[in-house]
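> Just to be clear, the model below is a prediction. Sequence and coordinates:
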Amino acid sequence: MSEPRVLFVTSNRIGDCVISSGVIREIGRQLPGARITVACGRPPAPLFRSAPGVERVIILDKKKFAGHWFDLWKQVWRTRWDMVIDIRGSALAFQLRAKSRKVYHRGWETGLPKVEMVSRMMGAERTLDPELFLDDRARGEAAAVIDPQLATAPGPILALAPIAHQPGKSWPADRWGALVERLKAEPRFDGWRFMLVGGPGDHPPAAPALAAAGGRGIDFVGKGDILASAAAIDRAALFVGNDSGLMHVAAAAGRPTLGLFGPTEWWLYGPWGPKTRTVASNETRGEFAPIEALTVDHVFDAVLGLHDAFIGSGTPVKP
């Protein structure tokens, strides 16, 4: 018998792709030896290039009048799929020949984190923890930027991601600069390096923090694709960032992660994992405030709490 064929339609957003990344391993458990085709947006596509069982990644660029769905249909309709999994809940999943279908439905959302909802959709026996599939190419691209910096001034790395591409999710750029100034003066962070991470268009929001970091800064903004950024974050001892795809990447990498939240559901979309924390402009569940209400003092105290919980309050960790 030939290997099972599986189509996994996931998000055009990095964060949602990371949240649902546990599906890859679950496919292998349910259908051993499965040959997986992933369809996703262009920015998150590198996340799947080295994922186990994935033989093809189809980039789903949005088009007018939902033309991207027609483009995808043309590439997949001839295959008799053993399983079609659709995180986006599209009609496409019902237009293909498939032995089984697992299609996400927004109506299921009753307050559980999306990681748990995806796990239920898959009928998994346990929660499908997000996972990164780093490869040598990504690690090499990260090392090419980071290693020369650490050679001249070694130190543990605090990764910072002052970027979010949805309105209301970005803590003001000048406050990131003020936060770095406070951390530089904090004895817990003596000798630490401050690494800014982001995509090619994220230089403006990262600029104040990079300027504040000065010679202790590492610029990883626009230095590679999302998997290279993930490999860079994997080199960090701690991560602090807005509610964004990079926040979910850091949590999936197992880095102690602090996510900053404004008027969005931190209890649903916060970073997933045992080493994660959130700080919100309004920390009463179900109530919201603009992210601008989140003060530098509040975030600074939360960063110290993250450090003390996972690094310790004594001597800083070695690089």
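Structure's in. What do you need?
> now this structure, which segments are flagged as low pLDDT?
Counting by pLDDT under 70, the low-confidence segments of the chain come to 1, 313-319.
> Now do the helices in it.
Secondary structure of the chain (DSSP state H): helices at 14-19, 23-30, 67-76, 114-122, 136-152, 173-184, 203-213, 226-233, 245-252, 266-269, 296-310.
> buried residues in the third one?
To tie it back to what came earlier, the one meant is helix 67-76. Neighbour-count burial for helix 67-76, counted by 16 or more other Cβ atoms under 10 Å, picks out 68, 69, 72, 76. All C-beta spots, glycine's among them, are computed from the backbone N, C-alpha and C.
> quick one, what contacts the third one?
In other words, residue 72. Applying Cβ atoms under 8 Å, 6 or more residues apart in numbering to residue 72 gives the contacts 9, 39, 58, 60, 92.
> which residues touch the fourth one?
By Cβ under 8 Å, 6+ apart, the residues touching residue 60 are 9, 12, 39, 40, 41, 42, 68, 71, 72.
> between those residues, which is closest to residue 254?
residue 40 (22.7 Å; Cβ to Cβ).
> surely the closest one meets residue 59?
Yes. When contacts are counted by Cβ atoms under 8 Å, residue 40 is listed as touching residue 59 (7.2 Å).
> what about residue 105, how many residues close to it?
When neighbours are defined as other Cβ atoms under 10 Å, residue 105 has 10 of them.
> ok, residue 116 - contacts?
Residue 116 neighbours (Cβ under 8 Å, 6+ apart): residue 127.
> any idea how far it lies from residue 167?
Residue 116 sits 27 Å away from residue 167, taking Cβ to Cβ, to the nearest Å as the criterion.
> And for residue 174?
Applying Cβ to Cβ, the value for residue 174 to residue 167 is 18 Å.
> One more: residue 77?
37 Å.
> which of the two has more neighbours?
For residue 77 and residue 167, the more surrounded residue by other Cβ under 10 Å is residue 77, and the numbers stand at 12 against 8.
> Which residue, neighbours along the chain excluded, lies closest to residue 69?
Closest residue to residue 69 apart from its sequence neighbours, by Cβ to Cβ, 6 or more residues apart in numbering: residue 92 at 5.6 Å.
> distance of that neighbour from residue 85?
From residue 92 to residue 85 the distance is 11 Å (Cβ to Cβ).
> same deal with residue 192?
Residue 192 is 41 Å from residue 85, by Cβ to Cβ.
> More neighbours: those two, which one.
Neighbour count, other Cβ under 10 Å: between residue 192 and residue 85, residue 85 has more, with 26 against 23.
> Tell me who's in contact with that one.
6, 7, 8, 9, 23, 27, 93, 101, 102, 103, 122.
> how long is stretch 250-259 from one end to the other?
10 Å (Cα to Cα, to the nearest Å).
> and that stretch, which residues are buried?
Buried residues in stretch 250-259 (16+ other Cβ under 10 Å): 250, 251, 252, 253, 255, 256, 257, 258, 259.
> give me every residue that touches the fifth one.
Contacts for residue 255 were tallied using Cβ under 8 Å, 6+ apart; they are 159, 233, 234, 236, 237, 238, 239, 275.
> before we move on, what about the first one?
Under the criterion of Cβ under 8 Å, 6+ apart, the contact partners of residue 250 comprise 159, 161, 233, 236, 239, 241, 257, 271.
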